[in-house]
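> this is a predicted model, with the sequence first.
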Amino acid sequence: MKVEIIAGGFAFPEGPRWHDGRLWFADQHDGRVHVLAADGAAIEDFAVPGGPSGMGWLPDGDLLVVSMLERRLYRRHGGELAIHADFAGLHPGHTNDMVVDRQGRAYVGNIGFDFDQGAEPGPTILTLVRPDGTVEIAAEDMLCPNGSVITDDGKRLIVAESMAGRLAAFDIDPDGGLSNRRIFAEIGDHVPDGICIDADDLVWVASPFANEVIRVAEGGAIVDRISTGDVQPYACMLGGDDGRSLYICCATDHDRKKTVAARAGRIAMTRVAVPHGGRP
């Protein structure tokens with residue numbers, strides 16, 4: 001598959017979302033959200049205190065965006081940010097990626113340990129934020145819950161557990177709670193980061209330390225691979241007018257000082273056969 005670079009000059013792009021005909025993503029190490037046209041042309045950008053990560057939209061159109069370092073969830077209305085939820089005392093590591101369902105319920109992960117200081121990974125929680133900002137624990141004993149998706153029927157949540165090398169699955173109960181935890185896929189030496197889901201309910205997984213994005217079926221079979229060459233892919237998103245453009249957030253390193261100095265982060269894009277499905 002041909003991979004082309006459509007935008008560059010970023011520090012550490014992550015958490016891409018296709019929304020309202022535009023590509024949104026978080027430049028985590030630069031503290032800004034960027035919005036691009038399908039071809040990579042810049043539309044707008046704005047700052048998020050504490051550095052942005054996962055994003056999603058409420059039914060009324062307001063944006064929800066994670067603040068990693070502040071361990072908060074912000075709501076953006078009319079261009080202004082206000083605190084929607086606070087994870088102080090709940091998230092032992094930086095708040096990270098999330099997915100928001102059709103009802104406006106947000107499932108929010110966190111690193112679970114001090115990654116930047118080289119601490120040992122430990123179990124942490126997946127958090128549920130209800131549309132009114134109420135915070136609950138949705139699941140425990142997770143190893144770095146990261147990229148998350150919801151199937152198109154709204155009944156299953158799939159979460160990348162980065163430090164476990166697997167994708168976990170849950171049933172979403174009518175009230176938004178999670179049950180029937182199971183393994184969706186064990187993916188061996190891959191460290192799954194950001195993910196997205198297609199119309200066949202297969203999951204595209206960014207595997208940064210393998211320099212590739214893989215398409216994974218339930219049970220663990222890898223049915224497609226896309227190399228990102230000499231850069232590391234940290235997240236991916238299906239979008240474009242037909243849902244078949246796979247956008248990939250890439251960087252040359254994960255170290256904050258190095259990425260800010262180098263500004264070698266870029267958005268790559270390739271075309272795939274099966275279009276976007278589910279959420280985000």
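Structure's in. What do you need?
> for residue 45, which non-adjacent residue is spatially closest?
residue 34 (4.6 Å; Cβ to Cβ, 6 or more residues apart in numbering). In this view, the C-beta of every residue, glycine as well, is placed from N, C-alpha and C.
> tell me the contacts of the one you found?
Residue 34 is in contact with 10, 13, 24-27, 42, 44-45, counting by Cβ atoms under 8 Å, 6 or more residues apart in numbering.
> who wins for neighbours among these?
residue 26 (29 neighbours; other Cβ atoms under 10 Å).
> quickly find the element holding that one.
Residue 26 is part of strand 22-27 when elements are defined by DSSP states H and E.
> from the contact counts, what lies against that strand?
Other elements packing on strand 22-27 under the criterion 3 or more Cβ pairs under 8 Å, 6 or more residues apart in numbering; DSSP states H and E are strand 13-19, strand 32-36, strand 52-57, strand 232-239, strand 245-251, strand 265-271.
> for the fifth one, which positions count as buried?
Applying a neighbour-count criterion of 16 or more other Cβ atoms under 10 Å, one finds 245-251 buried in strand 245-251.
> for stretch 128-144, measure first residue to last.
End-to-end distance for stretch 128-144, by Cα to Cα, to the nearest Å: 15 Å.
> follow-up on the earlier one: let's have the helices and strands packed on strand 22-27 in a markdown table, adding mean pLDDT.
Compiled in a markdown table, those are given as follows (pLDDT from 0 to 100):
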| stretch | mean pLDDT |
| --- | --- |
| strand 13-19 | 98 |
| strand 32-36 | 98 |
| strand 52-57 | 98 |
| strand 232-239 | 98 |
| strand 245-251 | 98 |
| strand 265-271 | 98 |
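> export these to JSON lines and tack on distance to residue 2?
What follows is the helices and strands packed on strand 22-27, written out as JSON lines (distance: least, Cβ to Cβ, whole Å):
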{"stretch": "strand 13-19", "distance to residue 2": "19"}
{"stretch": "strand 32-36", "distance to residue 2": "19"}
{"stretch": "strand 52-57", "distance to residue 2": "28"}
{"stretch": "strand 232-239", "distance to residue 2": "16"}
{"stretch": "strand 245-251", "distance to residue 2": "11"}
{"stretch": "strand 265-271", "distance to residue 2": "6"}
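> let me know the average pLDDT across the helix or strand harbouring residue 167.
Here residue 167 sits within strand 166-172, counting by DSSP H and E. Computed over strand 166-172, the mean pLDDT rounds to 98.
> roughly how far out does that strand sit from the chain middle?
15 Å (Cα atoms, centre = their mean, to the nearest Å).
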